[in-house]
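**Student:** sequence unknown, structure follows:
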């Protein structure tokens with residue numbers, strides 16, 4: 001591997017000059033790259049490519065959906081909201097899976113149910129239809145998943161639950177899906193504590209109802225521990241330990257993987273970290289327990305419907321949780337070390353002010369103003385009208401107000417044998433002379449404008465004033481006197497030179 005690195009460096013900046021060559025590489029493990037590759041003159045420009053946002057996901061879904069028949073109930077905007085964190089390949093897999101499911105069932109159009117099943121397949125794998133589950137395990141699973149959903153619904157800083165199911169899929173016996181309304185790039189401490197409560201809701205339901213936990217909460221405990229430890233060691237959300245990052249990644253890039261997080265702190269600090277992590281988890285566990293104990297009747301009602309239908313969506317959960325109130329935030333960890341936060345609220349953004357005034361946000365796009373039209377006014381004096389050609393004006397006299405009725409060419413000049421009608425706008429002279437317009441016929445060659453005209457018709461007339469020539473036409477050659485041999489014979493002038501003499505052609 002070291003020889004490969006050296007040869008790559010030689011090829012990138014060797015002795016031979018190579019112009020016009022751009023070297024591009026991609027990796028999903030930038031942490032194991034050798035620093036020699038990232039120095040100036042080599043891979044010095046790094047472009048991180050993150051997962052697409054909601055607009056990008058919708059655009060990717062529309063690209064992969066071309067050429068496939070979809071039902072009218074398909075909502076790509078809603079599908080983009082439910083696929084937070086999906087890559088472009090995952091979204092393509094969703095469309096392909098939905099097409100395969102529709103073909104297996106003999107359907108002609110891909111509907112929303114097929115897309116929903118495809119999303120679940122990408123997240124958790126295919127359903128295990130051949131798995132035999134006892135009634136007791138099924139009831140425990142229903143209470144476990146119901147505890148997740150009820151705890152999440154009561155927390156004020158957590159996104160609502162979109163879907164709840166007890167159908168086994170992959171390695172899980174069921175899942176509660178929380179879908180954020182918007183893409184988030186950061187999280188507050190209250191939101192992370194709410195996620196801890198959501199993760200421990202299943203464990204709390206098992207202890208509350210069956211008086212003992214099960215092994216089904218192992219993944220929930222692992223997830224809660226990761227969140228709590230990250231809050232303490234990475235994000236500095238512990239008032240006891242302060243805004244300090246503890247631990248750093250150690251490893252050899254030539255080994256192909258990291259050697260793990262090595263502690264750079266003492267054993268006393270490690271003990272304090274463990275205590276802070278445990279305090280966060282215990283506070284979230286107690287909050288989840290209180291929520292389930294307060295709304296135990298709601299939990300039982302939810303389990304009855306979940307055992308009957310196996311899958312519940314947001315509209316069903318809204319009906320069941322109609323009596324559930326939002327809990328206050330957990331403030332036990334809001335210690336700022338003697339620093340008192342300001343009572344002055346933050347400023348309001350333009351979007352917040354627009355919502356208070358009842359205005360739409362973002363504002364609708366404005367229609368671009370046509371050329372020659374003043375904003376909020378009529379046509380500019382002396383300028384061309386901005387209406388469409390042939391559109392009758394208010395007085396019905398012509399294609400534009402105050403302009404004569406013209407032909408179908410939209411020039412506004414009168415046709416052959418027609419006099420202008422109506423007043424003439426300032427800046428446009430009124431012409432009374434008729435100008436012949438090209439007539440369509442079946443004989444004669446066809447001109448560049450698609451009009452058949454006889455050979456003797458000459459160049460077409462487009463209604464221009466007499467003597468007008470385009471700026472691109474070559475200039476007319478200046479007048480020069482004729483040669484002496486080409487001049488006609490002339491009579492000698494009379495004796496009186498004071499009288500001007502004119503020739504036969506009228507020239508002096």
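**Tutor:** Received it, and whenever you're ready, just let me know what you need. Computed from a predicted structure; not experimentally measured.
**Student:** following the host helix or strand of residue 149, which helix or strand comes up?
**Tutor:** Secondary structure assigned from DSSP states H and E places residue 149 in helix 135-154. For helix 135-154, the following helix or strand on the C-terminal side (DSSP H and E) is strand 161-165.
**Student:** contacts for that next one, please.
**Tutor:** 82, 120, 145-146, 148-149, 152-153, 174-179, 306, 310-314, 317 (CB atoms under 8 Å, 6 or more residues apart in numbering). From N, CA and C alone the C-beta is placed, and that goes for glycine too.
**Student:** swap in stretch 149-159?
**Tutor:** Against stretch 149-159 from outside (CB under 8 Å, 6+ apart): 160-161, 164, 176, 178-181, 188, 190-191, 193-195, 197-198, 200-201, 204-205, 287-288, 291-292, 295, 298-299, 302, 317, 321, 324-329.
**Student:** show me where this protein has strands.
**Tutor:** For the chain, applying DSSP state E gives strands covering 161-165, 175-178, 248-249, 261-262, 311-313.
**Student:** could you report the neighbour count for residue 360?
**Tutor:** 8 (other CB atoms under 10 Å).
**Student:** does it touch residue 354 like I think?
**Tutor:** Yes - between residue 360 and residue 354 there is a contact under CB atoms under 8 Å: 7.2 Å.
**Student:** I'd like the distance between residue 336 and residue 94.
**Tutor:** When distance is defined by CB to CB, to the nearest Å, residue 336 is 44 Å away from residue 94.
**Student:** so the two - more neighbours on which side?
**Tutor:** Taking other CB under 10 Å, residue 336 and residue 94 do not tie; residue 94 has more neighbours (29 against 8).
**Student:** OK, contacts around that one?
**Tutor:** Neighbours of residue 94 in contact, by CB under 8 Å, 6+ apart: 61, 79, 83, 86, 115, 118, 119, 122.
**Student:** mind checking the end-to-end distance for stretch 166-177?
**Tutor:** Counting by CA to CA, to the nearest Å, you get 12 Å between the two ends of stretch 166-177.
**Student:** tell me the buried residues in that stretch?
**Tutor:** The neighbour-count check on stretch 166-177 (16 or more other CB atoms under 10 Å) flags 166, 167, 168, 169, 172, 173, 174, 175, 176, 177 as buried.
**Student:** wait, which of the residues you listed is closest to residue 41?
**Tutor:** residue 177 (47.7 Å; CB to CB).
**Student:** what is the burial count for residue 51?
**Tutor:** Residue 51 has 14 nearby residues by other CB under 10 Å.
**Student:** burial measure for residue 201, as a count.
**Tutor:** 33.
**Student:** now it: how far from residue 181?
**Tutor:** Distance from residue 201 to residue 181, by CB to CB: 21 Å.
**Student:** what do you get for residue 161?
**Tutor:** Distance from residue 161 to residue 181, by CB to CB: 12 Å.
**Student:** please apply the same query to residue 324.
**Tutor:** 19 Å.
**Student:** quick one: which of those two has more around it?
**Tutor:** residue 324 (16 against 10).
**Student:** for that one, what are its contacts?
**Tutor:** 150, 153, 154, 295, 298.
**Student:** once you drop chain neighbours, what's closest to residue 234?
**Tutor:** Of all residues not flanking residue 234 in the chain, residue 245 sits nearest, at 6.1 Å (CB to CB, 6 or more residues apart in numbering).
**Student:** isn't that neighbour up against residue 231?
**Tutor:** No - taking CB under 8 Å as the definition, residue 245 is not a contact partner of residue 231, at 11.9 Å.
**Student:** and these two? Which one has more around it.
**Tutor:** residue 231 (21 against 10).
**Student:** so the more buried one versus residue 186, what's the distance?
**Tutor:** Following CB to CB, the distance that separates residue 231 from residue 186 is 13 Å.
**Student:** still on that earlier bit, who wins on neighbours among the contacts of residue 94?
**Tutor:** residue 115 leads the contacts of residue 94 on contacts (other CB under 10 Å) with 29 neighbours.
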